[in-house]
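> Sequence plus the predicted model coming up.
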Amino acid sequence: MKSDKKIPNFLIHTLLVKYKRIIAATLLFGLLAFIAYLPVYPLDPNQLPNCGCGDIVQSTWFLAWGKFAILHGMNPYSSNWINYPLGVNLATNASYSLYSILLSPITSLLNVIAVYNLLLWLAFVLSALAMYYVMSKMFHRFTPAFLAGLFYGFSPYMIAEGYVHLNLIFIPFPPLIFYCVYKLFCTNSTNKYKIAIYLSIFIVLQYMMSSEVLATTFMMILVGLTILGITHHKQAVYQVKVNIRPVLLTVLIVGLALWYPIYYSLDGPDHIITTAHPWLNQWNADLLGMFVPTKAQLLYPVSWKNLGTSFLNGAWYENGSYLGFPLLLGMALGFYALRKNKWVQFFGVMAFFSWVLSLGPMLKVNNVYIHEKLPFDLLQHVFLLNNILPSRLAMYTDLFIAILIGFMINYLLEVYETIKSNKNDLLLSRDSLNPRLKLVFSLLLVVIAALSLLPNWPYANLAPPAYPENYSAFFTTKLVDKIPNGAITLAYPYPYLYQTEAMMWQILSGMRFRLLGGDAIFSIPPGYPSGNPALLSPQDVEKALWYYAGWDPPSLYLLPPKSSLRSLRSFTKKNHVQVILVNTKVENAGWIIRYIKNDFGYPLEHADGIDLWVISNRSGGVKS
């Protein structure tokens, strides 16, 4: 019996010794990511991080819809549970359908809020580990791989986008995709078909998280291969010949896995026929953004952070372009030291090119456009790529810098080993202090650069949690059963762009009811994109419900009078409304409730800040 107990202990000890480095890296990455969203923690089933609104609720809703649709035999890429009756094409949005299904056991055990919080934590950890893995394969050293992974997984891009965009920070796959392409085209690997299969898997997983990130990853791969093809023409011709079949295998696997969501996004019902964003939009990185911190960075004067935060029209969570003088100085010195290394040259060019692209089609300096066209302008007529938001390409600048960090840290270790192995000779040399000074200065610069990039975490420091009424207990108790299953529901505040409270109610209730309005990329016939839901007749009712909740939708040119709600009964009849839900604690709820009472009497239920009217008991069913 004693010997039987020793065997598992021996195996555990062996595994710990063999994988101690990656275990240590995982624990540290996990701890750092844990801090980001406090007091919300991974698998927290009770609240969403930050404001718990806008894109955060939207992403959680998409996760909830995937499981709900599959369980009820509906299309995970289409829904009229929001924007009723027109619905929404979810394939044109970040639908997370695959992740919703894979993580459905956790949803069943806890809820979809817990799944969302888990994915946020995993986004940082897995992204850092992916870069760690790739760099460990290149250098076979812990320190370069760890620091490259640390920078990539917690880069300024990740810190900024992590505030609201799960789909844009869950990026473990781009480094793995780049690595597979490298193994296929830049090495003489004998396992090309195996690599092609791995590449296919990573492409599918990335598409299911964010097709935008996959499209930009392909774009950067194409740029990189073009550069390598021009500089290594003969090798390029040979690699194309030997990789035709593995590439075709990748295309076949990806095509079989993704043909339906790709078809649905391009030609399915309610698809978009033009770009979702204006070409010259506010999401262009500022030329000064690389040097000026935002409120997402910790150790800087408030005046500096206010300037950086003002870029991109104040949308600091889209501004991941900051790098800082210490890091840039380190990159410049490291690049000079390794200037003869062809791969350092290549990744330096790629980092610079991706940064130039992030500036958008026209140069902007300190929030002022300088009317000079930039390379990004060439993409405006390229299918799919003309829908890219330029500032988000900072992700690739950080990715290539992470790789360069790996090269430079590896070089510093080689310098250290040289000093160590030639200690006696160096002591006798006139230049004995030179390599030591280089090493000490470099290490000091690494520390200063790391401090300059420290995030202002947890995010609650930047914006305290808001909208506690989103989590009304009304929707988690048996009271919600009084709403007919699948009932078409009019909610106040009316759900539209950024106003997602009612969508949160849907999530808490297990998708008990459908909603007029909603927040997503909708298609306005014949296919123009809009962040606002369809305007339903009579339009003044919908506009009044938008405006008087304290929001000012961009489609409002004339303020609707309060008397618009005299048409409420007509509005509910024309749009088949069966249920009315009102948050009694929000702005102007009192007089809205008076209008509803005039038409439909007193609410059926009044509890936890919610008034419920059931004006038709007919079940809406679960057909989409």
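That came through, no problem.
> residues near R245, how many?
R245 has 12 neighbouring residues, counting by other Cβ atoms under 10 Å. (C-beta placed from N, C-alpha, C; glycine too.)
> Figure out how far the host helix or strand of it is from the centre of its chain.
In this structure, R245 sits in helix 233-267 according to DSSP states H and E. Here helix 233-267 is found 25 Å from its chain centre; the criterion is Cα atoms, centre = their mean, to the nearest Å.
> With stretch 379-396 instead?
Mean C-alpha position of stretch 379-396 versus that of the full chain (Cα atoms, centre = their mean) differs by 15 Å.
> next one: stretch 179-195
Computed by Cα atoms, centre = their mean, the separation of stretch 179-195 from the middle of its chain amounts to 28 Å.
> cool, and stretch 588-602?
Relative to the mean C-alpha coordinate of its chain, stretch 588-602 is positioned 40 Å out (Cα atoms, centre = their mean).
> what residues does that stretch touch?
By Cβ atoms under 8 Å, 6 or more residues apart in numbering, the list of residues contacting stretch 588-602 from outside reads 492, 545, 548-550, 562, 565-566, 568-569, 572, 580, 582-584, 603, 611, 613, 615.
> Only the buried subset of these, as a PyMOL command please.
Typed into PyMOL, the next command selects the buried ones out of the contacts of stretch 588-602 (criterion: 16 or more other Cβ atoms under 10 Å):
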select buried, resi 492+545+548+549+565+568+569+572+580+582+583+584+603+611+613+615
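> need the contact list for Y163.
If you count contacts by Cβ under 8 Å, 6+ apart, Y163 has them with 50, 296, 317, 459, 462.
> Select from the contacts of stretch 588-602 every entry located in strands.
492, 580, 582-583, 611, 613 (DSSP state E).
> give me the element the closest residue to G330 other than its chain neighbours is part of.
Counting by Cβ to Cβ, 6 or more residues apart in numbering, L445 is the residue found nearest to G330 once chain neighbours are left out, at 4.8 Å. Element membership of L445 [criterion: DSSP H and E] is helix 433-452.
> quick one, helices of the stretch 151-300 of the chain?
The residue ranges that make up the helices of the stretch 151-300 of the chain, judged by DSSP state H, counting those that start in this stretch, are 156-161, 166-169, 173-185, 192-209, 211-231, 233-267.
> And the residue nearest the centre of the protein?
Nearest to the mean C-alpha position of the chain, counting by Cα atoms, centre = their mean, stands L168 at 2.1 Å.
> Which members of the contacts of Y163 define the maximum pairwise distance?
The widest separation within these, taken as Cβ to Cβ, falls between N50 and A296 and amounts to 12.3 Å.
> okay, and the common contacts of those two?
With contacts taken as Cβ under 8 Å, 6+ apart, the residues that reach both N50 and A296 are 163, 462.
> still on that earlier bit, ok, how many other residues are close to the residue nearest to G330?
Neighbour count of L445, defined by other Cβ under 10 Å: 16.
> What of K67?
23.
> Pull out the buried residues from the host helix or strand of it.
With the criterion set as DSSP H and E, the secondary-structure element containing K67 is helix 54-71. By neighbour count, and taking 16+ other Cβ under 10 Å as the criterion, the buried residues in helix 54-71 are 54-69.
> next helix or strand past it?
Toward the C-terminal end, the helix or strand that comes next after helix 54-71 (DSSP H and E) is strand 78-79.
> Output the contacting helices and strands for the helix or strand following that next one.
Secondary structure here is assigned by DSSP H and E; on that basis, the next helix or strand after strand 78-79 toward the C-terminus is strand 88-89. If contacts are counted by 3 or more Cβ pairs under 8 Å, 6 or more residues apart in numbering; DSSP states H and E, strand 88-89 sits against strand 78-79, strand 522-524.
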